[in-house]
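> Need coordinates for the below:
(chains A and B)
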Amino acid sequence: MNIVVLMKQVPDTYAERKLQAGDNTLDRDASDAVINEIDEYAIEEGLLLKEAHGGEVTILTMGPDRATESIRKALSMGADKGVHVLDDALHGSCAITTAKVLAKALGTVEYDLVIAGSEATDSRLSIVPALVSEALGVAQLSGARKVTVDGSTVTIERTTDTGFDRVEGAVPAVVSVVEKINEPRYPSFKGIMAAKSKPVTTLSLSDLGLSPDEVGLVASTTTVESYEEAPPRAAGTIVKDEGNGGAAIAEYLASRKLI
Amino acid sequence: MSDALGRLDLLALDDDVADENRLLRSTVRKFADDRLRPNIRDWFESGELPARELAQEFGALGVLGMHLEGYGCQGSTATQYGIVCAEIEAVDSGLRSLVSVQGSLAMYAIHAYGSEEQKQRWLPGMAEGTSIGCFGLTESDAGSDPGSMRTRARRDGTDWVLHGAKMWITNGSIADVAVVWARTEDEADGTKGSVRGFLVERGTPGFSTHDVHHKLSLRASVTSELVLDDVRLPADAMLPGARGLSGPLGCLTEARYGIIWGVTGSARDALTATIDYACSRTQFGRPIAGFQLTQKKLADMAVSLNQAQLVARRLGDLKDAGQIKPHQISFGKFANVRAALDICRDARSILGGSGITTEYPVLRHAVNLETVYTYEGTHEVHTLVLGAQLTGLDAFR
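Residues are numbered from 1 along each chain as shown, chains lettered A, B, ... in the order given. Next comes the predicted model:
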C-alpha cells in the first residue's frame, strides 16, 4: 500500500511568530522552522500502515527551500522518499490554491492513501485535507483517532462529543488525523544517516502544468488585510504569602471574574 | 533554539553544524526534553535510575556504541558521538555516564580487544541496550595508579580464577557483562604475568555486586562495587587483544573523549538557566542581569563555554581524522571539565538561594561535575600528562 503524507513546515510553535510588513505573509526567517506538529502523527501513521501492509511512504510538501530540512527529518523517521513543490511564485498561496497545487503534485505519484495532519499550527484553517480530497475527487475521512485498512476499504474512528463515529471509505482516500492517534517515533541515528541518500524530487510549477498567475498571492482567494502585534506580555503579579496567600489568589481570580 | 541558547552562541559555532548533525542534535535534544528532563529531579533526589529501561531507549535512538563499526553499531563520526554526549549531559552527567560506560568503555573494550565470538555474542545486544556492560579497572586502593591493582587471575588448568574487588563501577549492579581487568601470574612456560581483560557474566558463581549509597554526586547513576571471590571463568572469557595496561587505558581515552563534549552540555544548561533567571530576577528595581558584577560573571562563563565547545570540535576533527593523541584528550578533559565546573559554581552564585535546590539544574550539575573532575583520570593526572608532553619528563612514574 502506497501512502503519501502531506507535510507542512511551520514556524516553531513555541517561538515568537511574526508576519512580514509589505504583503502580510508569514515571516519565515523570524523563527526556527519545524514539521507541523500534527503532521508528525500523520507521518507516524503512514509508517505504521506501511509496516503492517508493506508499500512505500512518500512525503509531499509545498514550501520554500528550507522545507527540505523537514523532509529529511520525515525521511529519517522512516519515510521512503520526498516530493518538494518549490517555486517562488507559490509565495502567499491561500488554502484553496495550496490544495490545487498539492492535488496536481499527487498526480505525479502512485498512492492508495493520502494522510494529513488535521490542522497546521500557523494558519489553523484545518481545511486543506478536505480541499485536496475534493480536488482529487476521492473520499475524505477527517479527524481520525484510529485508521485501519482492509483491502480497498479504509475505516477511521472520529471522536465526537458523545463517543465516536466509525467512518468508512473506499481507497484511494484522504485521511486527516488528530494527535490521539499515535505517538510519533524519534528518528534513530541510523534513520538520520539513511535519510541522506533517500530520493527527494523537486517539482516546479511548470512541472505540474500550472502557471504563476494561478497560484501565490495573485491568485489567492484570501489575503491578510491588516494585523496588529500582540501586546508584549505584562509582568506577572507576585503575591508574597504572609498567611493571606489563599485570600489574595481568590481576590485576584474574583477581580478577573474567574470565580 | 531557546532565546538564551541562541544568545550563548557567541562565536556562531552553530553555523558550521552539518545538516545531518543538526538533525541528530535536535532529535537527541527532543528525546532528552521529553523523556529525561521531566524525570531527572526525581531520579537524582531518590538516587534511583530506571537504567535498564533507559538503556533500551538509548539503544532505539542508536546512540550506544554509535561510534563503533559493525556488530549492530552505527559507525558514526566522533563529532556525532560528541554531539550526543553533550545533549544527554545537558540533562545530567549521570545519564551521560550510563551511555559513556556502555559505549566507550564496555563495548569499546570488546570491540577493540575481543575475539570474533565475543563481539558477536555481546555487541549487538549492547547496541540495542538489551544487554548492559560495565568496566572494572579501579579498585579502592588503585585509582590513578591502576598498575597497583590487587585483583588477580590465576590459571587452573585451562580455566582462569579471578579474585579481588573493583570499586566505583558505573552500571556495576545492572550489568549483564562486566569487563574486569586483573593481573595474571607468571606462567609455567615463562610468559610474564600482565594485566588482562576478562568478560564476567552476571550470575557467575563468586561474582557479586554492591551499590554505593549515600552519594552527593551522580545520584542519577548506578555506582557499584564488584566482588570477585574466586570466580572461575573459561579460557575464552579473556579478551585476546589486550595485554598490559595499554588495554584499559585505551578504553579510558575513548571515554574521556565523550566527557570533553559531554560537559559542554551541562555547562550550557546551567548557563541558559542562569541567564533566564538573571533576566527575570529583580532586585533594587531592575533585573540582576543588568548589574555589572552579574554581567562580568555571565561574560566569563559564556566565553569559557564557547572555548570549551571549540576545544571539543577541534578534538572531534582530530579524532575523525584518526590523528588524535592521548595528551590532546588530556588537554580536553583538563580544560573542559574545569571550565564546566567553574561555570556551574558561578551559575549557582547568581541564582542565590534558588541555586541550591533541585528546582534549578545548576548545583546538581556542579556536584555531578565534582565527580567528572576526578573520574576517568583525575584533573591532576591530566595535568601531569600535559606536563610530560611539555617537558619530556614524567612526574608520576
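> can you give me the offset of the helix-or-strand element of chain B with minimal mean pLDDT from its chain's centre?
The weakest-scoring helix or strand in chain B, judged by mean pLDDT, DSSP states H and E, is helix B:3-8 (a mean of 84). Remark: helix B:3-8 is offset 26 Å from the chain centroid, using Cα atoms, centre = their mean, to the nearest Å.
> Check stretch B:329-340 too.
From the chain centre to the centre of stretch B:329-340 is a distance of 13 Å (Cα atoms, centre = their mean).
> do the same with stretch B:53-64
16 Å.
> on that earlier part again, are the least confident helix or strand of chain B and chain A in contact anywhere?
No: using Cβ under 8 Å from any Cβ of the partner chain, helix B:3-8 stays clear of chain A, with a minimum separation of 8.7 Å. No exception for glycine: its C-beta is placed from N, CA and C like everyone else's.
> From the contact counts, what lies against that helix?
helix B:246-280, helix B:292-320 (3 or more Cβ pairs under 8 Å, 6 or more residues apart in numbering or on different chains; DSSP states H and E).
> Would you format the ones you listed as CSV with mean neighbour count and distance to chain A included?
Compiled in CSV, the helices and strands packed on helix B:3-8 are given as follows (neighbours: other Cβ atoms under 10 Å in any protein chain shown; distance: least, Cβ to the nearest Cβ, whole Å):
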stretch, mean neighbour count, distance to chain A
helix B:246-280, 24, 9
helix B:292-320, 18, 15
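> Of the ones you listed, give the one that comes closest to residue A:195.
helix B:292-320 (20.6 Å; Cβ to Cβ).
> now the residue of the stretch 101-250 of chain B found nearest chain A, nearest residue through space, not along the chain?
Closest residue of the stretch 101-250 of chain B to chain A, Cβ to the nearest Cβ: residue B:127 (10.2 Å). Nearest non-adjacent residue to residue B:127, counting by Cβ to Cβ, 6 or more residues apart in numbering or on different chains: residue B:72, 4.0 Å away.
> so that neighbour makes contact with residue B:128?
Yes: here residue B:72 lies in contact with residue B:128, judged by Cβ atoms under 8 Å, at a distance of 6.7 Å.
> ok and the residue in chain B nearest chain A?
residue B:62 (3.4 Å).
> that older thread, quick one: contacts for the residue nearest to residue B:127?
Residues counted as contacts of residue B:72 (Cβ atoms under 8 Å, 6 or more residues apart in numbering or on different chains) are B:123-125, B:127-128.
> Out of those, which sit inside helices?
The members of the contacts of residue B:72 that map onto helices under DSSP state H are B:123-125, B:127-128.
> Switch those residues over to a markdown table; also include pLDDT.
Shown next, in a markdown table, are the ones in helices among the contacts of residue B:72 (pLDDT from 0 to 100):
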| residue | pLDDT |
| --- | --- |
| B:123 | 98 |
| B:124 | 98 |
| B:125 | 98 |
| B:127 | 98 |
| B:128 | 98 |
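> ok, and for the least confident helix or strand of chain B, which residues are buried?
Using 16 or more other Cβ atoms under 10 Å in any protein chain shown as the test for burial, helix B:3-8 gives B:4-5, B:8.
> nearest to residue A:144, of those residues?
Here the nearest of the buried residues of helix B:3-8 to residue A:144, counting by Cβ to Cβ, is residue B:5; it sits at 36.1 Å.
> List the contacts of the closest one.
B:268, B:272.
> picking that back up, what about the residue of the stretch 101-250 of chain B closest to chain A, distance to residue B:99?
As defined by Cβ to Cβ, to the nearest Å, residue B:127 lies at a distance of 12 Å from residue B:99.
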